[in-house]
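**Q** Predicted coordinates and the sequence they were generated for:
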Amino acid sequence: MNTKPYAITLTPGTSLANLTGTWRTARPVYLDRLPPCNNACPAGENIQGWLFHAESGDYEQAWRVLVENNPMPAVMGRVCYHPCESACNRGQLDSSVGINSVERFLGDEAIKRGWKFDAPAPATGKKVLVVGAGPSGLSAAYHLARLGHQVEIHEAGPLAGGMMRFGIPKYRLPREVLDAEVQRILELGVTLKYNAKVANIEQSMKDGGFDAAFLAVGAHIGKRAMIPAGDASHIVDAVSVLRSMEGEDKPMLGRRVVVYGGGNTAVDVARTVKRMGGEPIIVYRRTRDKAPAHDFEIEEALQEGVMIKWLSTIKQAGAGEITVEKMELDDKGFPQPTGEFEKLEADSVVLALGQDVDLSLLEGVQGLEIVNGTVQVGGNMMTGHPGIFAGGDMVPSERTVTVAVGHGKKAARHIDAWLRGTVFEPAPKHELAEFTKLNPWYYSDADKTVRPVLDIIRRQTSFDEVQGGLDETNALFEARRCLSCGNCFECDNCYGVCPDNAVIKLGPGKGFEFNYDYCKGCGVCVAECPCGSIKMIPEET
Amino acid sequence: MGFQPVKFYQTGTFTVGNRLLAADERSVQADLSRSNSINSGHRACQGCGEALGARYAIDAAMAESNGQLIAANATGCLEVFSTPYPESSWQVPWIHSLFGNAAAVATGIAAAMKVKGKTDVRVVAQGGDGGTTDIGFGCLSGMFERNDDVLYICYDNEGYMNTGVQRSSATPPAARTATTMPVGPEPGNPFGQGKNVPEIAMAHGIPYVATATVADLRDLEYKVRRAMSIRGARYIQIFVPCPLGWGAASHDTIRLARLAKESGMFPVFEAEHGEVTGVLKIRHKVPVEEYLKPQKRFAHLFGKNAHPETVARLQAIADRNVRKYRLLDEEGN
């Protein structure tokens, strides 16, 4: 019986019967790429990951993702030189995302609201000795404690923080911020013994029954330079000056203070002297662009009235004055003496020429290798002596708080594996989400939020913090400037732009899937994905 | 006036949706329950702009009419690739009659609905630029002139792509087609007036005329919804790049539509009763070369035997559009 209309011989059907996926020669696949900020972070933070939560205003979750890698966001948000921002893809669009300022906002929120770390893993019964309560030691202690190990920090000094306290002035890092973040680490169950200098590491380990040790004693011995000096000359080193700022007896440097060196420590000392009412003058043998200090720090120092004599070396120091020799750069950029001399009034000279490591605790330890005053470690942060790991300023690397924190985390993971008799294998890195992988058309135009800066008079006369923080509205704005490079943020573009309805939307938080029965492999979704989270791969032939 | 964008959440309303936008700030296309008017399995080429534009437009019309929609379709790619007997991709009541009579068929449907008292059922007619600007033009003009209650949507891919890429009155000057080969002193389609149907529609004084592209989904959806909120004759021309006919990569479909708008080659505007009421401003102005170079139909203008004077004439067309429709913000001028 024919029930079809006149002249119709085939039953009408839907085009779903036509599997156009067979046309395809290449297929789109979703992937996570490594955002350049994450790639650049010495502490290995998942920056894009925590910004993702900050974008939705869930600051606590953002903070929790942040502290999976770094326990001190309020400190980092003040002292980190943020290589993440230098690498940020948004820098090629307008200006980089203010990652550092959002990090500080999250850190300050955590202190304000009293957020605590997640509870540690079940106890492993292993004991680890951490020597030094600086950024590296605190970071290692935190990560080891989270992994369930019993951690004891032995600190030679009377206070925690290491160079964060004795090297970084208050106007950059208020001490209550540091104290709050240290305290939170201790509340995880970490024991911290003050005034407990480790004289012999092997003995200390044996005495305390420790299964492993992490050394992070830093580099606290100021380097000396051979300056012919009269008896009446007053020469001190920068580390001692900054350290004594933390005690009752402030350093007596006089009015005219010459700071010798071009690094961040030299700038810190000069700015400290300015705040104490002195007249600092930095003497450096090369030029501003060759100085190791960060340019913004030099700029801030100049704003505050610090004098800087470029291309100069100190030839002689006498009572109340020094003699400097003018230098000039040769073809290779090295400073060469010119034979021209000049006298400068100077009540004291502060040497800021870098620091050496106090290695006395390592005497007699088998298998250690010391090169140029630093302890050599392997890729797993272990020294030549099994079970003794080291990190921070005492191993060869860039000497910043962030690098030290990164060492602490890395060492903790390897110590954990070593204690379990395994080897820690970091997850393979995703391919990099370069700017060329993005489609920047889709991002709103939005300039960076600038943090408030303390007025100049208070900067010259007080130790109040120079750089202010963001408040909630502009922190949210700043977080939302993130391009989410290489990681899907559910903008629905792929779902919308597919001419073949071949993208399946799985719902909030679940992302998307391709329906390869119908996907023709045109690649529009890849081209129109703002963040580069889809790529084409050839079909197998 | 015009589509009001959300200024800022990471991507604002530039993207289809966004996990943190309120539901009413998202596009129809972001919605899991969009009607998918043209379903999967259609036989359009990879990266077809017309398939995409038709789904964008008809889904928006379906959303605005609460699913009470009938579509008439002119002959052309859209009809051929969506409905090879006995299969159909359409998930709306859909009728095809002839190449040139889509506007007349839609008029008839609208009249029938009126007679039956079904005022909630709305009617769209759709066709390519061939079926609209050439073959169906008489019916279209009649529909305008009588102010019939039909939204006519023209998917403009600038040629007869279904039959093998022949020239239409919407083909741009200098473009290579099967009937305008790149030979002689003025290679490709000769410079002439072409046929600017949006302006001709405006000259009929009908209630609503708009242009849109597949690169600006939010603007497109706004215009379809706006048109659906009005009774009488309405016309929307949607710019839909054709990877096959233009000799472009299939993944460049939306990019080309964006470049056409950003260069000024395709002005995006809306008009009511013959007067322009809003334009979609150029966001990042680009020279026409950026739009022309990815397309093989303009390849003869570049390379060894380049025709810089022809490119300059095309740039002049773009510049004129920018001036005429005030496509740049005052400060960017």
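**A** Sure, I can see it. Residues are numbered from 1 along each chain as shown, chains lettered A, B, ... in the order given.

**Q** and the residue most central in space within chain B, helix, strand or coil?
**A** Geometric centre of chain B, nearest residue: B:Ile238, 1.1 Å, by C-alpha atoms, centre = their mean. The three-state assignment at B:Ile238 reads strand, by DSSP: H, G, I helix; E, B strand; the rest coil.

**Q** what bridges to it?
**A** On the basis of DSSP bridges, B:Ile238 is bridged to B:Tyr155, B:Ala212.

**Q** That one contacts B:Ile153, correct?
**A** Yes - judged on C-beta atoms under 8 Å, B:Ile238 makes contact with B:Ile153 at a distance of 6.4 Å. Any C-beta I mention is one placed from the backbone N, CA and C, and that applies to glycine too.

**Q** which residues do these two both contact?
**A** The contact sets of B:Ile238 and B:Ile153 overlap at B:Ala57 (C-beta atoms under 8 Å, 6 or more residues apart in numbering or on different chains).

**Q** where exactly do the strands run in the stretch 351-500 of chain A?
**A** Taking DSSP state E, counting those that start in this stretch as the test, the strands found in the stretch 351-500 of chain A are A:355-356, A:370-371, A:374-375, A:388-390.

**Q** ok, residues contacting the second one?
**A** For strand A:370-371, the external contacting residues (C-beta under 8 Å, 6+ apart) are A:359, A:362, A:376, A:396.

**Q** Just the element for residue 115, please.
**A** Reading this off chain A. A:Trp115 is part of no helix or strand when elements are defined by DSSP states H and E.

**Q** Switch to chain B, please.
**A** B:Val115 belongs to helix B:102-116, assigned by DSSP H and E.

**Q** Packing partners of that helix?
**A** strand B:69-73, strand B:122-128, helix B:137-145, strand B:151-156 (3 or more C-beta pairs under 8 Å, 6 or more residues apart in numbering or on different chains; DSSP states H and E).

**Q** Just the buried residues of it, please?
**A** For helix B:102-116, burial by neighbour count (16 or more other C-beta atoms under 10 Å in any protein chain shown) applies to B:102-110, B:113.

**Q** Between the strands of the stretch 351-500 of chain A, which one is closest to B:Asp319.
**A** Among the strands of the stretch 351-500 of chain A, the nearest to B:Asp319 by C-beta to C-beta is strand A:355-356 (63.8 Å).

**Q** packing partners for the closest one?
**A** strand A:221-222.

**Q** downstream neighbour of the strand it packs on in the secondary structure list?
**A** Of the helices and strands lying after strand A:221-222 in sequence (DSSP H and E), the nearest is strand A:235-237.

**Q** per-residue confidence averaged over that following strand?
**A** The average pLDDT for strand A:235-237 rounds to 90.

**Q** List the strands paired with it, with their directions.
**A** For strand A:235-237, pairing defined by DSSP bridges yields strand A:348-351 (parallel).

**Q** Pull out the C-alpha coordinates of the partner strand and format them as PDB.
**A** Taking C-alpha atoms only, strand A:348-351 is exported to PDB below (Å, rounded to 0.1, in the frame of the first residue of the first chain):
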ATOM      1  CA  SER A 348      80.500  56.200  55.400                       C
ATOM      2  CA  VAL A 349      80.800  53.700  52.600                       C
ATOM      3  CA  VAL A 350      78.400  50.800  52.200                       C
ATOM      4  CA  LEU A 351      79.600  47.900  50.000                       C
END
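
**Q** Regarding the chain, what is its longest helix?
**A** Unless you meant another one, I'm taking chain A. helix A:401-419 (DSSP state H).

**Q** other chain: chain B
**A** Chain B, longest helix under DSSP H: helix B:308-325.

**Q** Could you check how far the residue nearest to the centre of chain B is from A:Ile8?
**A** Distance from B:Ile238 to A:Ile8, counting by C-beta to C-beta, to the nearest Å: 33 Å.

**Q** Please list all residues in contact with residue 237.
**A** As the question left the chain open, I've gone with chain A. Shown in contact with A:Asp237 (C-beta under 8 Å, 6+ apart): A:222-224, A:350-352.

**Q** my bad, chain B
**A** Shown in contact with B:Gln237 (C-beta under 8 Å, 6+ apart): B:132, B:153-154, B:156, B:197-198, B:210-212.

**Q** Turn those residues into CSV, columns for neighbour count, pLDDT and distance to B:Pro93.
**A** What follows is the contacts of B:Gln237, written out as CSV (neighbours: other C-beta atoms under 10 Å in any protein chain shown; pLDDT from 0 to 100; distance: C-beta to C-beta, whole Å):
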residue, neighbour count, pLDDT, distance to B:Pro93
B:Thr132, 31, 97, 21
B:Ile153, 29, 98, 16
B:Cys154, 30, 98, 20
B:Asp156, 28, 98, 25
B:Val197, 24, 97, 26
B:Pro198, 19, 98, 27
B:Ala210, 28, 98, 24
B:Thr211, 26, 98, 27
B:Ala212, 32, 98, 24
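
**Q** Return the member of those residues nearest to B:Ser27.
**A** For the contacts of B:Gln237, the nearest to B:Ser27 is B:Ala212 (13.0 Å; C-beta to C-beta).

**Q** Apart from its neighbours in sequence, what residue is nearest A:Ala156?
**A** Using C-beta to C-beta, 6 or more residues apart in numbering or on different chains and skipping residues adjacent in sequence, the residue nearest A:Ala156 is A:Lys197, 3.8 Å away.

**Q** want to try a markdown table for the buried residues of helix B:102-116, with pLDDT as columns?
**A** Putting the buried residues of helix B:102-116 into a markdown table (pLDDT from 0 to 100) gives the following:
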| residue | pLDDT |
| --- | --- |
| B:Ala102 | 97 |
| B:Ala103 | 98 |
| B:Ala104 | 98 |
| B:Val105 | 98 |
| B:Ala106 | 98 |
| B:Thr107 | 98 |
| B:Gly108 | 98 |
| B:Ile109 | 98 |
| B:Ala110 | 98 |
| B:Met113 | 97 |
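
**Q** Those residues into a markdown table, with extra columns for distance to B:Ile58?
**A** What follows is the buried residues of helix B:102-116, written out as a markdown table (distance: C-beta to C-beta, whole Å):
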| residue | distance to B:Ile58 |
| --- | --- |
| B:Ala102 | 14 |
| B:Ala103 | 17 |
| B:Ala104 | 20 |
| B:Val105 | 16 |
| B:Ala106 | 13 |
| B:Thr107 | 19 |
| B:Gly108 | 20 |
| B:Ile109 | 15 |
| B:Ala110 | 17 |
| B:Met113 | 18 |
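
**Q** burial measure for residue 221, as a count.
**A** Since you didn't name a chain, this refers to chain A. The number of residues packed near A:Ile221 is 16, by other C-beta atoms under 10 Å in any protein chain shown.

**Q** meant chain B actually
**A** Residues within reach of B:Glu221, counting by other C-beta under 10 Å, total 23.

**Q** Could you check which helix or strand contains it?
**A** Here B:Glu221 is assigned to helix B:217-228, by DSSP H and E.

**Q** Quick check: buried residues in that helix?
**A** Neighbour-count burial for helix B:217-228 flags B:217-228 (criterion: 16+ other C-beta under 10 Å).

**Q** I'd like to know which of those residues is nearest to chain A.
**A** The shortest gap between chain A and any of the buried residues of helix B:217-228 belongs to B:Leu217, at 6.2 Å (C-beta to the nearest C-beta).

**Q** can you pull the contacts of the closest one?
**A** A:496, B:16, B:27, B:29, B:56.
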